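> quick one: sequence plus predicted model below, questions after.
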Amino acid sequence: MGVSVSSFSHSVQLKLLLLAVVMAGLWYLAAPARLTNEESELWERVRAAQLHLADWGESSGLAAPNGSDPWACGLIGIEWSGITTTLGELGSKRTACNPAWAIQFSRWFREQGLHQGDPIAIYSSSSFPGLLLNALAAAEALELEPLVIVSLGASTWGANRLDAPWPVLAAELRRGGFISKRADYYTMGGDEELGNGMSPEGQALLRKAAADAGVELLAAANLEEMVALKSELLQRGQAQLLVNIGGSHANLGDDPEILKLQPGLNSGDGSGKAGNGVIAYALGQGIPVLHMLNIKTLGGKAGIPYDSEPRQRAPVEVSPWWSLAGVLLFLSVLLTHKRWRLE
């Protein structure tokens, strides 16, 4: 008795060649579409804005602390200041700067059937200036009409520099021609979005920043009134989509049910619970909500790498079904493939 392989090696080669061809086909079908010309221009515009801010910060003495902004995004703050509200992850703040988010925002907008002139709302904290820039750039690229309300307090590593809060960054972005939209309203941020928890000096600085920017600072007696005010503005603006960036208190509310809301796109079909903030109001009115919180999870869903150098490529979102198909195909070949035959 001996082992013979030559008598059927030709069929084995054909089978392996066929496997390679089919696997390549699966890879091609599962691979994300390339960036369109418009998407490439959007990516480049956001990246150019970041590099402009980084150069401006360097020349103005506002550069990020050593090692905190290795890719010159220009939107990384400091660890703590008088306008810092909560702790935040540096990796998440860098991930939020990736211009791939602008591409993802534009695709979400298109998926919602939004067209030139359609009204949306962008309610953001200053904790994720990278996401805010990406959302604004995407909205302007599609010529949407955003109602923009930004809370000025920021978590760790966000727009929390005393000499460069969001209004200062936004003014420089407009001066450079990278965005044109000025915020419609600001809130103080912090607890109840009334500046609670921040030092008196920090509150005074933010009031001055809003006044210098010529943007009205919303005032309310408590959280409930702030939720009602921002909800009324949302309704008045007839927004077809609410983009919530970060964890502004009035947007989330104070009901723990909001913690169960999945990050990403949530349809306004009345399903699920969303607490008692502006997000809950929007969903209750049938307005879809893009809930931009938990960047690591969102990036995993969208195919945007966590804490990685920005590279001009499409978000790589691959369905797990393609991966399962590839594994099953490989196993079927493995189980039927004989590597030798006894004679």
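Arrived safely. None of these values were measured; they are calculated from a predicted model. Numbering: from 1, shown residues only.
> those strands in the protein, which residues are they?
Applying DSSP state E to the chain gives strands spanning 3-4, 119-125, 145-151, 160-161, 164-165, 185-187, 216-217, 242-245, 264-266, 289-292, 341-342.
> dump those to a markdown table, plus distance to Gly113 and mean pLDDT.
Bear in mind the C-beta positions are built from the backbone N, C-alpha and C, glycine included. Output for the strands of the chain, formatted as a markdown table (distance: least, Cβ to Cβ, whole Å; pLDDT from 0 to 100):
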| stretch | distance to Gly113 | mean pLDDT |
| --- | --- | --- |
| strand 3-4 | 64 | 50 |
| strand 119-125 | 12 | 98 |
| strand 145-151 | 15 | 98 |
| strand 160-161 | 36 | 97 |
| strand 164-165 | 35 | 98 |
| strand 185-187 | 27 | 98 |
| strand 216-217 | 31 | 98 |
| strand 242-245 | 15 | 98 |
| strand 264-266 | 13 | 96 |
| strand 289-292 | 14 | 98 |
| strand 341-342 | 60 | 50 |
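> nearest to Thr84 among those strands would be which one?
Of all the strands of the chain, it is strand 160-161 that lies closest to Thr84, at 4.6 Å by Cβ to Cβ.
> which strands or helices does that closest one pack on?
Counting contacts by 3 or more Cβ pairs under 8 Å, 6 or more residues apart in numbering; DSSP states H and E, there are no secondary-structure elements packed against strand 160-161.
> list the neighbouring strands of it plus their orientation.
As defined by DSSP bridges, the strand partners of strand 160-161 come to strand 164-165 (antiparallel).
> okay, which residue is most central for this protein?
Leu131 (4.8 Å; Cα atoms, centre = their mean).
> ok now do it, which residues does it touch?
Ala96, Trp101, Ser124, Ile245, Gly246, Met292, Ile295 (Cβ atoms under 8 Å, 6 or more residues apart in numbering).
> again, only using 6 Å
Counting by Cβ atoms under 6 Å, 6 or more residues apart in numbering, Leu131 makes contact with Ala96, Ile245, Met292.
> and it, what pLDDT?
According to the prediction, Leu131 has pLDDT 98.
> cool, Ser9 as well?
63.
> what ranges in the chain fall below the confidence cut-off?
Low-confidence segments of the chain, defined by pLDDT under 70, are located at 1-13, 15-16, 19-20, 22-33, 270-272, 317-327, 329-331, 333-343.
> the stretch 101-250 of the chain: helices as residue ranges?
Along the stretch 101-250 of the chain, the stretches classed as helices by DSSP state H, counting those that start in this stretch are 129-141, 166-175, 200-213, 223-236, 249-252.
> surely Ala64 and Ile76 touch.
Yes. Between Ala64 and Ile76 there is a contact under Cβ atoms under 6 Å: 4.4 Å.
> more neighbours: which of these two?
Under the criterion of other Cβ atoms under 10 Å, the comparison of Ala64 against Ile76 puts Ile76 first, with 28 against 20.
> before we move on, the earlier item: can I get the strands of the chain in TSV including distance to Asn251 and mean neighbour count?
Shown next, in TSV, are the strands of the chain (distance: least, Cβ to Cβ, whole Å; neighbours: other Cβ atoms under 10 Å):
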stretch	distance to Asn251	mean neighbour count
strand 3-4	70	10
strand 119-125	5	26
strand 145-151	8	24
strand 160-161	18	24
strand 164-165	19	26
strand 185-187	10	25
strand 216-217	17	15
strand 242-245	5	26
strand 264-266	13	18
strand 289-292	9	24
strand 341-342	68	9
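> next, format the ones you listed as JSON lines and append distance to Gly197.
Output for the strands of the chain, formatted as JSON lines (distance: least, Cβ to Cβ, whole Å):
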{"stretch": "strand 3-4", "distance to Gly197": "76"}
{"stretch": "strand 119-125", "distance to Gly197": "14"}
{"stretch": "strand 145-151", "distance to Gly197": "12"}
{"stretch": "strand 160-161", "distance to Gly197": "13"}
{"stretch": "strand 164-165", "distance to Gly197": "16"}
{"stretch": "strand 185-187", "distance to Gly197": "14"}
{"stretch": "strand 216-217", "distance to Gly197": "17"}
{"stretch": "strand 242-245", "distance to Gly197": "20"}
{"stretch": "strand 264-266", "distance to Gly197": "28"}
{"stretch": "strand 289-292", "distance to Gly197": "22"}
{"stretch": "strand 341-342", "distance to Gly197": "76"}
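> quick one: closest of these to Gln50.
Closest approach to Gln50 among the strands of the chain (Cβ to Cβ): strand 164-165, 14.1 Å.
> contacts for that closest one?
Strand 164-165 is contacted from outside by Leu62, Leu152, Ala159, Ala209, using Cβ under 6 Å, 6+ apart.
> before we move on, what about stretch 200-214?
Gly82, Ile83, Leu152, Leu162, Pro165, Pro167, Tyr186, Met188, Gly195, Leu217.
> so for it, what gets flagged as buried?
The neighbour-count check on stretch 200-214 (16 or more other Cβ atoms under 10 Å) flags Gly202, Gln203, Leu205, Leu206, Ala209, Ala210, Ala213 as buried.
> which single one of the residues you listed is nearest to Leu14?
In terms of Cβ to Cβ, no member of the buried residues of stretch 200-214 lies closer to Leu14 than Ala213, at 69.3 Å.
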